[in-house]
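Peer 1: What shape does this take:
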Amino acid sequence: MAEDDRRRIDKWLWFARLTKTRTTAQKLVVAGHVRVNRDKIDNASRAVRIGDVLTIALDSGVRVLRIQALGERRGPAAEARLLYDDLTPPAAEGGRQQGPRRAFAALTEAGFAADEEFPNSDDQVGKSVRRASSSEAPDPCERPSNELRNRRS
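Peer 2: Residues are numbered from 1 along each chain as shown. This is a model prediction of the structure:
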């Protein structure tokens, strides 16, 4: 088997821009969050080939990818996207929404809104939610005013 028809899994994940660093890719594999052709792997030096199907558990959700090319470098995102075919099924309607902005949008649609005060200490982890009419709901993209950010409790 020629060396050119396989690539280390950690290197391929980095080339495909699924992780920011190669070290992060190694940690992802060693932690058991990657499967190759349904087999759980825990060795970052595992070789992958064109046609292998990867199942990867990322923070943003589970992705299923078929390797289309091995890549020669970590290029721009458009080049990285050509390395795989995304087989991930679309999210089912009513399923868990991804990301904080979508979650906030869902709460806003349900009639909830964030309180105007933001936590000032590290041990307070989020905004409390109160029942509000949809007309009182703040824009999720709007930044708090300086008055609220600078106020100490």
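Peer 1: Helices of this structure, start to end?
Peer 2: Assigned by DSSP state H, the chain shows helices spanning 9-15, 22-30, 77-81, 100-109, 146-150.
Peer 1: Export only the CA atoms of the first one, formatted as CSV.
Peer 2: Below are the C-alpha coordinates for helix 9-15, written out as CSV (Å, rounded to 0.1, in the frame of the first residue of the first chain):
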residue,chain,number,x,y,z
ILE,A,9,-6.9,10.8,11.3
ASP,A,10,-5.7,13.8,13.4
LYS,A,11,-4.0,15.3,10.4
TRP,A,12,-7.0,14.8,8.2
LEU,A,13,-9.4,16.4,10.8
TRP,A,14,-7.1,19.4,10.9
PHE,A,15,-6.8,19.6,7.1
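Peer 1: what sits up against it?
Peer 2: Contacts with helix 9-15, where a contact means Cβ atoms under 8 Å, 6 or more residues apart in numbering, come from 7, 19, 21-22, 25-26, 28-29, 34, 36, 41, 44-48, 54, 56, 67, 70-71, 73-75, 80, 83. For every residue, glycine as well, the C-beta is placed using N, CA and C.
Peer 1: next one: the third one
Peer 2: With Cβ under 8 Å, 6+ apart as the contact definition, helix 77-81 has outside contacts at 15-17, 71, 74.
Peer 1: Could you pull out the buried residues of that helix?
Peer 2: In terms of neighbour count (16 or more other Cβ atoms under 10 Å), helix 77-81 has its buried residues at 79-80.
Peer 1: mean confidence score for that helix?
Peer 2: With pLDDT averaged residue by residue, helix 77-81 scores 94.
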